[in-house]
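Colleague: My questions concern the predicted model and sequence given below.
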Amino acid sequence: MQAIDALLMRRSARTLSEPAPDEGALQLIFASATRAPDHGRLRPWRFILIRPAARARFGELLAEHLRRTQAEAGAAALERERLKAFRAPLIVVVAAHCNPAVKIPAIEQLLSAGAAAHAMMLAAFALGFGAMWKTGGAAYDARVKEALGLSGDDAIVGFLYFGTETAEQPRAARSDWHELVRELAPKP
């Protein structure tokens, strides 16, 4: 697949099942992530793999976050939160290790991790896998970060779900890019 094809055709999957990317595919996906723009060569990216055996634990982290932040959440809501961990056979938490001691602004370190996540999704698509990028309140929660082995200065940029799309979906309609672009006029 040509790079331009992956860029123009990639879409977020809706439903994912086995197979997930195997070790060879994961190597390519992570190698792609580390080609993200990286001002200062800080390598701010952090990746936590959540394989099938760990999905229940991740689901409990999500449910516990909901229980702590929404006291009115009932049993059905907590179960829905737990089941988010089973959206796909493989989950990768993508985080930015933002180093405040360097001259590179934290926002640039965070954006680099976002670019890495996007590269991972493009690589997965090019390899024939589906992916979806999710966040939600748990992504911004200090206890969730700690349970995942991240520090307080780290920022989760997304939970990436990987697998094989179970049903073909129509290509998502996008607004015309022309509406989003404007030119800066030369100085009069």
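Modeller: Structure received. Numbers count the residues shown, from 1 in each chain.
Colleague: got the buried residues for the longest strand along the chain?
Modeller: With secondary structure taken from DSSP state E, the chain has its longest strand at strand 154-165. Of all the residues in strand 154-165, those buried under the rule 16 or more other CB atoms under 10 Å are Asp154, Ala155, Ile156, Val157, Gly158, Phe159, Leu160, Tyr161, Phe162, Gly163, Thr164, Glu165. In this view, the C-beta of every residue, glycine as well, is placed from N, C-alpha and C.
Colleague: for that strand, packing partners?
Modeller: strand 16-17, strand 90-97, helix 106-126, strand 130-134, helix 142-147 (3 or more CB pairs under 8 Å, 6 or more residues apart in numbering; DSSP states H and E).
Colleague: Can you say which of the ones you listed is nearest to Arg51?
Modeller: strand 90-97 (6.4 Å; CB to CB).
Colleague: what is the orientation angle of that closest one with strand 154-165?
Modeller: Taking axes from the mean of the first three to the mean of the last three CA atoms, to 10 degrees, one finds strand 90-97 and strand 154-165 inclined to each other by 160 degrees.
Colleague: just how off-centre is strand 90-97 within its chain?
Modeller: Here strand 90-97 is found 6 Å from its chain centre; the criterion is CA atoms, centre = their mean, to the nearest Å.
Colleague: again with stretch 80-92
Modeller: Its chain's average C-alpha position is 13 Å from that of stretch 80-92, according to CA atoms, centre = their mean.
Colleague: what is the mean pLDDT for it?
Modeller: The average of the pLDDT scores along stretch 80-92 is 98.
Colleague: Return the helix or strand in the chain with minimum mean pLDDT.
Modeller: helix 3-9 (a mean of 87; mean pLDDT, DSSP states H and E).
Colleague: other SSEs contacting it?
Modeller: The helices and strands touching helix 3-9, judged by 3+ CB pairs under 8 Å, 6+ apart, are helix 106-126.
Colleague: quick one: buried residues of the helix it packs on?
Modeller: Buried residues in helix 106-126, counted by 16+ other CB under 10 Å: 108-126.
Colleague: Would you mind getting the angle between it and strand 154-165?
Modeller: Using the same axes, to 10 degrees: helix 106-126 against strand 154-165 is 10 degrees.
Colleague: other SSEs contacting helix 106-126?
Modeller: Short answer (3+ CB pairs under 8 Å, 6+ apart): helix 106-126 packs on helix 3-9, helix 23-33, strand 45-50, strand 90-97, strand 130-134, strand 154-165.
Colleague: quick check, distance from it to the centre of its chain.
Modeller: Counting by CA atoms, centre = their mean, helix 106-126 is centred 8 Å from the centre of its parent chain.
Colleague: can you count the residues close to Tyr140?
Modeller: Number of residues near Tyr140 (other CB atoms under 10 Å) recorded here: 12.
Colleague: Kindly reformat the buried residues of strand 154-165 as a markdown table and extend each row with distance to Arg87 and pLDDT.
Modeller: A markdown table is the format used below for those (distance: CB to CB, whole Å; pLDDT from 0 to 100):
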| residue | distance to Arg87 | pLDDT |
| --- | --- | --- |
| Asp154 | 23 | 95 |
| Ala155 | 22 | 97 |
| Ile156 | 16 | 98 |
| Val157 | 18 | 98 |
| Gly158 | 13 | 98 |
| Phe159 | 9 | 98 |
| Leu160 | 11 | 98 |
| Tyr161 | 5 | 98 |
| Phe162 | 10 | 98 |
| Gly163 | 8 | 98 |
| Thr164 | 13 | 97 |
| Glu165 | 12 | 94 |
